[in-house]
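# Pasting the sequence and the predicted model now:
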Amino acid sequence: MATIKIQQIGSPIRRTKDQRATLIGLGLNKMNKVRELEDSPEVRGMIRKLPHMVKVLEG
């Protein structure tokens, strides 16, 4: 099972409800929080929806 690390770099303040819901779906809710999730097409799609709010970390 491959995993991917993502970090929240943007604030959900003044964002649309669907962007906030996507952040919560990824398990992110505070600035600079890092989560390690399974690398799946669903997670990749959520990351593509929020390129301005999340960063993919190497390793």
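Alright, I've got the coordinates.
# I'd say residue 54 and residue 28 touch.
Yes. Taking contact to mean CB atoms under 8 Å, the distance of 7.0 Å between residue 54 and residue 28 places them in contact. From N, CA and C alone the C-beta is placed, and that goes for glycine too.
# Name the residues contacting each of these two.
Both residue 54 and residue 28 are contacted by 6, 8, under the criterion CB atoms under 8 Å, 6 or more residues apart in numbering.
# quick one: residue 28 and residue 42, what's the gap?
15 Å (CB to CB, to the nearest Å).
# Which one's more surrounded, these two?
The neighbour comparison of residue 28 against residue 42 (other CB atoms under 10 Å) goes to residue 28, with 23 against 10.
# Apart from its neighbours in sequence, what residue is nearest the more buried one?
For residue 28, ignoring the flanking residues on the chain, the nearest one in space by CB to CB, 6 or more residues apart in numbering is residue 8 at 4.2 Å.
# Run a quick neighbour tally on residue 20.
15.
# Hmm, I typed the wrong one, I wanted residue 12.
Using other CB under 10 Å, residue 12 has 20 neighbouring residues.
# next one: residue 46
The local packing count at residue 46 equals 18, with neighbours defined by other CB under 10 Å.
# so which strand or helix has it?
Assignment of secondary structure by DSSP states H and E places residue 46 within helix 41-49.
# Can you report the mean pLDDT over the residues of that helix?
Model confidence over helix 41-49, given as mean pLDDT, is 97.
# Show me what counts as buried in that helix.
For helix 41-49, the buried set under the neighbour-count rule, 16 or more other CB atoms under 10 Å, comprises 43, 46-47, 49.
# mind listing the strands for this structure?
In the chain, the strands defined using DSSP state E lie at 3-8, 34-38, 54-57.
# Looking at those, which is nearest to residue 22?
In this view, the strands of the chain are compared for proximity to residue 22 by CB to CB, and strand 54-57 is the closest at 9.2 Å.
# Kind regards, and thank you for your time.
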